[in-house]
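>>> here is the input, now give the coordinates:
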Amino acid sequence: MPAKQRSHRLVRYAVVGQGYISQSAVLPAFGHARGNSRLVALVSGDEAKRKALGRKYDVATYSYDEYDSCLKSGDVDAVYITLPNSQHRDYTVRAAKAGVHILCGRAVRLAPHAPRRQPTMRQEITKPAVRMPVMVHASPPGD
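Predicted coordinates:
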């Protein structure tokens, strides 16, 4: 009896943040996605970088001010967040509230100076029907 074929759905990604890690590892990796993932959008605060990378990868581009429009476009299933740690929480919560899956390269945590009474991400995301997985890749110390 042949093995049951699993239905594969293409995951459409927006990469948020276009710094060194994004340009040297994340964006080139989409060329090796083997048909399960596709880069569809880039989000960056640097207009020149946004335009150049948008042309290079032939994808839509958004400024940080347009991030919510990107999430609501219907063209993005998941975001890969490559921003500085201090920005992870905001961009992660916004994606979760929009019902978009999240891949974040570092742990999402409060800044050391944040008040203890600050709501947890779970409290902040008020849509109980939205249960989006958050994958956090952690490298061993020294990597």
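
>>> what packs against the helix ranked longest in the chain?
Ranked by residue count and defined by DSSP state H, the top helix of the chain is helix 85-97. Secondary-structure packing of helix 85-97 (3 or more C-beta pairs under 8 Å, 6 or more residues apart in numbering; DSSP states H and E): helix 67-72, strand 78-81, strand 101-104, helix 121-124. (C-beta placed from N, C-alpha, C; glycine too.)

>>> in it, what's buried?
For helix 85-97, a neighbour-count test (16 or more other C-beta atoms under 10 Å) marks His88, Arg89, Tyr91, Thr92, Val93, Arg94, Ala95, Ala96, Lys97 as buried.

>>> likewise for stretch 74-81?
Across stretch 74-81, burial judged by 16+ other C-beta under 10 Å covers Val76, Asp77, Ala78, Val79, Tyr80, Ile81.

>>> alpha carbons of it, in PDB - could you do that?
Coordinates of each C-alpha in stretch 74-81 appear next as PDB, following Å, rounded to 0.1, in the frame of the first residue of the first chain:
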ATOM      1  CA  GLY A  74      -3.400  38.500   2.600                       C
ATOM      2  CA  ASP A  75      -0.200  37.800   0.800                       C
ATOM      3  CA  VAL A  76       1.800  36.800   3.900                       C
ATOM      4  CA  ASP A  77       1.400  33.600   5.900                       C
ATOM      5  CA  ALA A  78       4.400  34.100   8.200                       C
ATOM      6  CA  VAL A  79       7.000  36.600   9.200                       C
ATOM      7  CA  TYR A  80      10.700  35.900   9.800                       C
ATOM      8  CA  ILE A  81      11.800  38.600  12.300                       C
END
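
>>> list the contacts of it.
Residues from elsewhere that reach stretch 74-81 (C-beta atoms under 8 Å, 6 or more residues apart in numbering): 11-17, 26, 40-41, 43, 60, 70-71, 87-88, 91-92, 95, 100-105.

>>> that one - what's its average pLDDT?
Average pLDDT, stretch 74-81: 94.

>>> SS state for Gly45?
When classified by DSSP: H, G, I helix; E, B strand; the rest coil, Gly45 comes out as coil.
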